[in-house]
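K.L.:
Predicted model follows, preceded by the sequence.
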Amino acid sequence: MNPVSNTAFYCCGVRMDDANRKRSICNDIHAGTFMDARGLEIFAPFRSETMPNISNISRCRIIDDHVSAELGKSPSASVVTIGAGFDTRPYRLRGGDWLELDEPQLIEYKNRRLPVSECDNPLTRIAIDFAGESLHEKLSGIETTSPVIIVIEGVFMYLDPVAIAQTLQQVQQRFPRHALLCDLMTRRFFDRFAQGVHGKLVAAGGHFSDRPENPITIFLDNDYRLAESVPMLKRANELGLLWDELRLPSIIFSLVLNIFMRDLQGYAVHRFDFG
């Protein structure tokens, strides 16, 4: 797999460990399916990254909850996951017509480990070389009259603002009305909290682009409307993760959040609407 795809083992390993917890947050019982010897080797240095891992599993749960809520309203909605990695939502959530796009080697590996035929929901996987192929062309054959939910998780931190804008424009050309769920990190959050885990991501082959001061503006400049933002650590506190992993009482975190509000809100899942 290419180096960026290698980092998918990190997110998958976090979900694997979470599934083995007594009180699992996402209950991704399929995550371990992908963690072969190489995957476990890549994940090993990240096991000690407590706060990034908490943010990672909280991000997964936030998006799970958003997608589940949308499918509750529109069970036949199309869910398009760009840079799907080892995501298993089509197997874990009820409803939806699912489309996953990622690099050819990752899709091939994923098909071997967790075949489409084992999914209860309609699922299509499309291989795309993001560096050399057009996202718009890959999406052009997809026909849907149902509501569309776009999920782009753990991707934009690797793209510069121009590449982010180009991705958004290609999605808009194909889906003139859609909801977009994604995670965004501000430069301030990266500088203060993400340097350590970033070094390990670089060692695994990934590298964050220069973080915009406020990446939300890229979406607003491309005609999206911000519907909701959920900071990862705020949701982690609500889920009891900070207590489970750090023995940090909720009341203490609430005080910390009030003091460092701007900093801790710098990494969040956002829902944008278009059209």
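P.N.:
Arrived safely, thanks for sending. Residues are numbered from 1 along each chain as shown.

K.L.:
The stretch 51-200 of the chain: helices as residue ranges?
P.N.:
Using DSSP state H, counting those that start in this stretch, the helices of the stretch 51-200 of the chain run over 89-92, 104-113, 135-139, 161-174, 187-193, 195-204.

K.L.:
mind listing what's buried in the fourth one?
P.N.:
This points to helix 161-174. 161, 164, 167-168, 170-172, 174 (16 or more other C-beta atoms under 10 Å). Bear in mind the C-beta positions are built from the backbone N, C-alpha and C, glycine included.

K.L.:
For Leu220, which of the helices of the stretch 51-200 of the chain is the nearest?
P.N.:
Leu220 sits nearest to helix 161-174 of all these, at 10.8 Å, using C-beta to C-beta.

K.L.:
so what does that closest one touch, helix or strand wise?
P.N.:
helix 135-139, strand 178-185, helix 216-221 (3 or more C-beta pairs under 8 Å, 6 or more residues apart in numbering; DSSP states H and E).

K.L.:
Out of the ones you listed, which gets the lowest mean score?
P.N.:
Ranked by mean pLDDT, the helices and strands packed on helix 161-174 bottom out at helix 135-139, with a mean of 92.

K.L.:
Hmm, Phe43 and Leu53 touching each other?
P.N.:
To be clear, residue 53 is Asn; Leu isn't right here. No - at 10.3 Å, Asn53 does not count as touching Phe43 under the criterion of C-beta atoms under 8 Å.

K.L.:
Pull the number of nearby residues for Pro176.
P.N.:
The number of residues packed near Pro176 is 10, by other C-beta atoms under 10 Å.

K.L.:
residue contacts, it?
P.N.:
274-275 (C-beta atoms under 8 Å, 6 or more residues apart in numbering).

K.L.:
Check the one 3 residues further on too.
P.N.:
Taking C-beta under 8 Å, 6+ apart as the definition of contact, the neighbours of Ala179 are 70, 147-150, 227, 271-274.

K.L.:
of all those residues, which comes closest to Ser76?
P.N.:
Out of the contacts of Ala179, the member with the shortest distance to Ser76 (by C-beta to C-beta) is Pro147, at 8.3 Å.

K.L.:
Please compute how far stretch 145-157 lies from its chain's middle.
P.N.:
Remark: stretch 145-157 is offset 9 Å from the chain centroid, using C-alpha atoms, centre = their mean, to the nearest Å.

K.L.:
what's the span of it from first residue to last?
P.N.:
Start-to-end span of stretch 145-157 (C-alpha to C-alpha, to the nearest Å) is 31 Å.

K.L.:
just the buried members of the contacts of Ala179?
P.N.:
Of the contacts of Ala179, these count as buried by 16+ other C-beta under 10 Å: 70, 147-150, 271-272, 274.

K.L.:
Under the pLDDT cut-off, which ranges of the protein? List them.
P.N.:
Applying pLDDT under 70 to the chain flags the ranges 1-4, 243, 246-248, 252-262.

K.L.:
Run through the strands of it in chain order.
P.N.:
Secondary structure of the chain (DSSP state E): strands located at 78-82, 97-102, 123-127, 148-152, 178-185, 225-231, 267-274.

K.L.:
mind listing what's buried in the third one?
P.N.:
Residues of strand 123-127 classed as buried under the neighbour-count rule (16+ other C-beta under 10 Å) are 123, 125-127.

K.L.:
what lines up beside it in the sheet?
P.N.:
If you go by DSSP bridges, strand 123-127 pairs up with strand 97-102 (parallel).

K.L.:
and Ser48, which of the helices and strands packed on helix 161-174 is closest to it?
P.N.:
strand 178-185 (20.6 Å).

K.L.:
chain center to that closest one, what's the gap?
P.N.:
The answer for strand 178-185 is 9 Å, by C-alpha atoms, centre = their mean.

K.L.:
residues in contact with the residue lying closest to Asp221 once chain neighbours are set aside?
P.N.:
Distance criterion C-beta to C-beta, 6 or more residues apart in numbering; nearest residue to Asp221, sequence neighbours excluded, is Ala165 at 7.6 Å. Ala165 sits next to 218, 221-222 when contact means C-beta under 8 Å, 6+ apart.
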